[in-house]
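>>> okay, sequence plus prediction incoming.
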Amino acid sequence: MARVPSGIATLGGAVFGSATARSHELIAADQALRMPLPLCRRVGVVQIRGGAGASTTAGAVTSTLARRRPGMVLGVNASPGPANLLIAAGLPATAEQVDDPVRLSPQRSADAVAGLPRTPSGAYALDLLAGADRRTPAPSTLWFERVTPVVRFFDAVVTDWGVRAWQLDLAQVAAASNVVCVVARADRYSAEEAAAVVPALLGHEDRPEVVLALVDVGGAGERVVADIVADAGAPVVWVPFDAARGRRRPVGSRTLSTRSRIAVRRLTTTLLTGGVEQ
């Protein structure tokens, strides 16, 4: 099974262990998050069924990357409904997106971000459903049309795909991503359902990496991770539920619980490095 980066402890040890262990994890994660990348890292965040917190998770990952990456980070919303990555990342309600045609054939970084607002963390925000029907997800063809031309100008692109069917839709998510983050509730049924799609994603012709993020919405705790991790076939990161992240106006990371911040840092590091030891 894939391994998490060297020097990053298991979440349980980081949360409940000594201050030294927590400090070592944060230092190792920070170093990994800042390391140079040869190409843009395309992260696709998706859930098999609603209520797992994929948008909140995607927003937290985007903000973490934007604060620590030396280059530009792009957050893309392809998820319907009132909640999405951009809102979770703190994009002001008054922010306006201008569909500047120069982004379709950019020649420089300024062209790639023309007309795009920014979140408080500094991430650029692209809403594929701006001015469209928000009752249905953005088609994957729109992602390839709007995002593919600008990818090379960014250090990382994080896309909130929302709920997608495990067959055709997930295949398109895989084609658009270097790494697919499957978000599920941390209960046995949801975790096993998420783990069941891992072989199909890994077997896709584009060979994306896969990471499972189990959000402890119902308070199941890390017991589920202990049961699932051995057979998942992909790195599994347990994320404690933090109600503050899901507020209409997300709060700053400093007001969140320590274990919540550590979990998001660990998840972001795993998505960036692919769970390969550095």
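Right, received. Where do you want to start? Numbering: from 1, shown residues only.
>>> I figured residue 152 hits residue 71, correct?
No - under the criterion of Cβ atoms under 8 Å, residue 152 lies out of contact with residue 71, with a separation of 10.9 Å. Where C-beta positions appear, they are placed from N, C-alpha and C, glycine not excepted.
>>> neighbour count: those two, which is higher?
Remark: of residue 152 and residue 71, residue 71 carries more neighbours, 14 against 11, as counted by other Cβ atoms under 10 Å.
>>> helix/strand/coil for that one?
coil (DSSP: H, G, I helix; E, B strand; the rest coil).
>>> enumerate every residue touching it.
Under the criterion of Cβ atoms under 8 Å, 6 or more residues apart in numbering, the neighbours of residue 71 are 154, 155, 156.
>>> for the last one, the count of nearby residues, please.
Read it as residue 156. One way to gauge burial is a neighbour count; for residue 156, by other Cβ under 10 Å, it gives 26.
>>> for the stretch 151-278 of the chain, just list every one of the strands.
With DSSP state E, counting those that start in this stretch as the definition, the stretch 151-278 of the chain shows strands at residue ranges 156-163, 179-185, 209-216, 236-240.
>>> what does the second one contact?
What it means is strand 179-185. Contacts of strand 179-185 (Cβ under 8 Å, 6+ apart): 41-48, 51-54, 57-58, 61, 170, 173-174, 190-191, 193-194, 197-198, 201, 208-218, 220, 267, 271, 274.
>>> which of those residues fall in helices?
Secondary structure defined by DSSP state H assigns 54, 57-58, 61, 170, 173-174, 190-191, 193-194, 198, 201, 267, 271 of the contacts of strand 179-185 to helices.
>>> out of those residues, the closest to residue 80 would be?
Within these, distances to residue 80 taken as Cβ to Cβ reach their minimum at residue 54, with 12.2 Å.
>>> what sits against that closest one?
With contacts taken as Cβ under 8 Å, 6+ apart, residue 54 has the following neighbours: 45, 46, 47, 79, 160, 161, 162, 163, 183.
>>> residues contacting the second one?
Think residue 46. By Cβ under 8 Å, 6+ apart, residue 46 lies in contact with 54, 161, 162, 163, 164, 170, 173, 180, 181, 182, 183.
>>> show me what it bridges to in the sheet.
On the basis of DSSP bridges, residue 46 takes part in beta bridges with residue 162, residue 182.
>>> ok, now how distant is it from residue 162?
Distance check for residue 46 against residue 162: by Cβ to Cβ, to the nearest Å, it reads 7 Å.
>>> likewise residue 50?
In this structure, residue 50 and residue 162 are separated by 8 Å, where distance is defined by Cβ to Cβ.
>>> who has more neighbours, these two?
It is residue 162, of residue 50 and residue 162, that has more neighbours when counted by other Cβ under 10 Å, with 25 against 12.
>>> verify the stated contact: the more buried one with residue 78.
Yes - checked against Cβ under 8 Å, the pair residue 162 and residue 78 is within contact range at 6.7 Å.
>>> give the contact list for residue 114.
The neighbours of residue 114, taking Cβ under 8 Å, 6+ apart as the test, are 98, 100, 102, 103, 106.
>>> residue 178 now?
Taking Cβ under 8 Å, 6+ apart as the definition, contacts of residue 178 comprise 41, 42, 43, 208, 209, 274.
>>> most neighbours among those, which one?
The residue in the contacts of residue 178 with the most neighbours, by other Cβ under 10 Å, is residue 43 (28 neighbours).
>>> who is the residue nearest to that one when sequence neighbours are not counted paired with across the strands?
Using Cβ to Cβ, 6 or more residues apart in numbering and skipping residues adjacent in sequence, the residue nearest residue 43 is residue 158, 4.6 Å away. Applying DSSP bridges to residue 158 yields these beta-bridge partners: residue 43, residue 75.
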